[in-house]
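Chemist: sequence plus the predicted model coming up.
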Amino acid sequence: MKSSMNRLSIFVDGNNMFYAQQKNGWFFDPRRVLEYFNKPEAKLINAFWYTGLKDPQDQRGFRDALISLGYTVRTKILKEYYDDVSGRYSQKANLDIEIVVDMFNTVDQYDQVVLFSGDGDFERAIELLRSKNTHITVVSTEGMIARELRNATDQYVDLNDIRDQIEKVEY
């Protein structure tokens, strides 16, 4: 039985968001993201950040900063793929499975999910979570949000619409 208290979990698909932020030309601040979504009407229970690494030392400082902010950080070493079309090697780390496993493994702890990703592969997981009366918000940006993901979610938020609340500001 879910409590009447609105409990919130955040899941950040770090690789997907890196490209979204590059496309937008500005970057969000992981601390401000937590502050923005941790509202009186919804208590932030958990925040997960998923990212691919070139090697075990890659992004060490960034990962330590995320952990100190309260994120649970999940990583995977990038795999190298040969692209026949371009004739080049490219690196990819897909953490979709890790994200979905964490979503379902912690499902009793939250009533609301904020998923930072535009990846259409999450469509089925989101449909299942919604069938359990979980409210889903997807955060992404135009041109990077899959139509099927946008259709499956309760609420879609464009990064550019909340830019002034979450942008990383250099002091």
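Modeler: Arrived safely. Note that the coordinates shown come from a computational prediction; the quantities given were computed from them, not determined experimentally.

Chemist: which residues sit in contact with residue 83?
Modeler: 89-90 (Cβ atoms under 8 Å, 6 or more residues apart in numbering). Any C-beta I mention is one placed from the backbone N, CA and C, and that applies to glycine too.

Chemist: quick check: bridge partners of it?
Modeler: residue 88 (DSSP bridges).

Chemist: which residues touch the lowest-mean-pLDDT helix or strand in the chain?
Modeler: Least confident helix or strand of the chain, by mean pLDDT, DSSP states H and E, is strand 88-92 with a mean of 82. Outside strand 88-92, the residues that touch it by Cβ under 8 Å, 6+ apart are 52, 54, 78-83.

Chemist: from the residues you listed, pick the one nearest residue 165.
Modeler: Closest approach to residue 165 among the contacts of strand 88-92 (Cβ to Cβ): residue 52, at 27.0 Å.

Chemist: tell me the pLDDT at the closest one?
Modeler: Per-residue pLDDT puts residue 52 at 94.

Chemist: helix or strand for it, which one?
Modeler: Per DSSP states H and E, residue 52 falls inside strand 43-53.

Chemist: next, the angle strand 88-92 makes with that strand.
Modeler: 160 degrees (axes from the mean of the first three to the mean of the last three Cα atoms, to 10 degrees).
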